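> coords please:
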Amino acid sequence: MPETHKVMLVDDEESIRKVVEQILVKDGYRVCYASNGEQALRIFKDEKPSLLILDVMLPEMDGFELCRIIRQQSSVPIIMLSAKGDIVDKSVGFKMGADDYVSKPFSPVELSLRIKALLRRTNNCNSCKQTESSPDDVVSLKGLEIDCKRYEIAVRGKKVELTPKEFELLCFMARNPGQVFTREQLFNILWGENYVGDTGTITVFMRKIREKIEVDPARPKYIVTVWGVGYKFCSE
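Alright, predicted model coming up:
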């Protein structure tokens, strides 16, 4: 694991910090901490971590608001931690720009794998941005251009920032135009069949993507809903 990887944990519980630190140090990451949202914003700016782990319940500013603020200035991978495992929390977290969600109590192995997966995608993204894309890597429609290799997207000539998960979902559908996918299929593609979660999060992701690429998100032209089934990408 490259030494440059630094993971920032934002949690006000010392017991959680110790557990997560053991996981991170064992995997070879450098670690920095914050115990509240205001402190986290200052440290994030100074430390420039490769990945963030945010607890939902924080003093002064909750993890959702912190995630929203950070997402406005960075596409750094974000994992949310929470003692609550219901879909309401998860939907809010994904809406604010989180890439993954781990419920407490969590398995150290599971958290380790989630971190590695997000960092691997980010590394692949950064590496691909240094190389030229072939025509097969680019999906172009009127007003929309998706470079699946360089992880770049332009809407009407203007670059748009998507989170890693949002981009993966959009790129997958753009590479399979016209094919209808159920929420279950898309959920498994993003997180894997062994991930325990609610497929309703796909609805949240679709709404966020549409807000960024559609002229009128309420009347989407690129990603359309096939009622009773799922979604498809329109290439016409």
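
> what pLDDT does Gln72 get?
Looking at Gln72, its pLDDT reads 85.

> quick check: it is in a helix.
Yes - under DSSP: H, G, I helix; E, B strand; the rest coil, Gln72 falls within a helix.

> what is the burial count for it?
The number of residues packed around Gln72, counting by other C-beta atoms under 10 Å, is 9. In short, each C-beta sits where N, CA and C put it, glycine included.

> same question, Ile69
Neighbour tally, Ile69, other C-beta under 10 Å: 17.

> hmm, Leu41 and it touching each other?
Yes - Ile69 lies in contact with Leu41 (C-beta atoms under 8 Å); the separation is 6.7 Å.

> grab the most central residue of this protein for me.
Asp99 (2.3 Å; C-alpha atoms, centre = their mean).

> I'd say that one and Ser75 touch.
No - Asp99 is beyond contact range of Ser75, at 9.4 Å (criterion: C-beta under 8 Å).

> what sits in contact with each of the two?
163-164 (C-beta atoms under 8 Å, 6 or more residues apart in numbering).

> in this protein, which helix or strand is least confident?
Ranked by mean pLDDT, DSSP states H and E, the weakest helix or strand in the chain is helix 87-95, scoring a mean of 72.

> who's in contact with Met80?
Met80 touches 54-56, 63-64, 67, 93, 98, 100-102, counting by C-beta under 8 Å, 6+ apart.

> now do 10 Å
Neighbour list for Met80: 52-56, 63-64, 66-67, 89-90, 92-94, 96-103 [criterion: C-beta atoms under 10 Å, 6 or more residues apart in numbering].

> what about Thr18, which helix or strand?
If you look again at residue 18, you'll see it is Lys, not Thr. Per DSSP states H and E: Lys18 is located in helix 14-26.

> who does that helix touch, helix- and strand-wise?
Using 3 or more C-beta pairs under 10 Å, 6 or more residues apart in numbering; DSSP states H and E as the contact test, the elements touching helix 14-26 are strand 6-10, strand 30-34, strand 51-55, helix 108-128.

> need the ones you listed in CSV with mean pLDDT, distance to Leu190 and mean neighbour count, can you?
Compiled in CSV, these are given as follows (pLDDT from 0 to 100; distance: least, C-beta to C-beta, whole Å; neighbours: other C-beta atoms under 10 Å):
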stretch, mean pLDDT, distance to Leu190, mean neighbour count
strand 6-10, 94, 21, 23
strand 30-34, 93, 27, 18
strand 51-55, 93, 17, 25
helix 108-128, 75, 11, 16
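
> with that, I have no additional questions.
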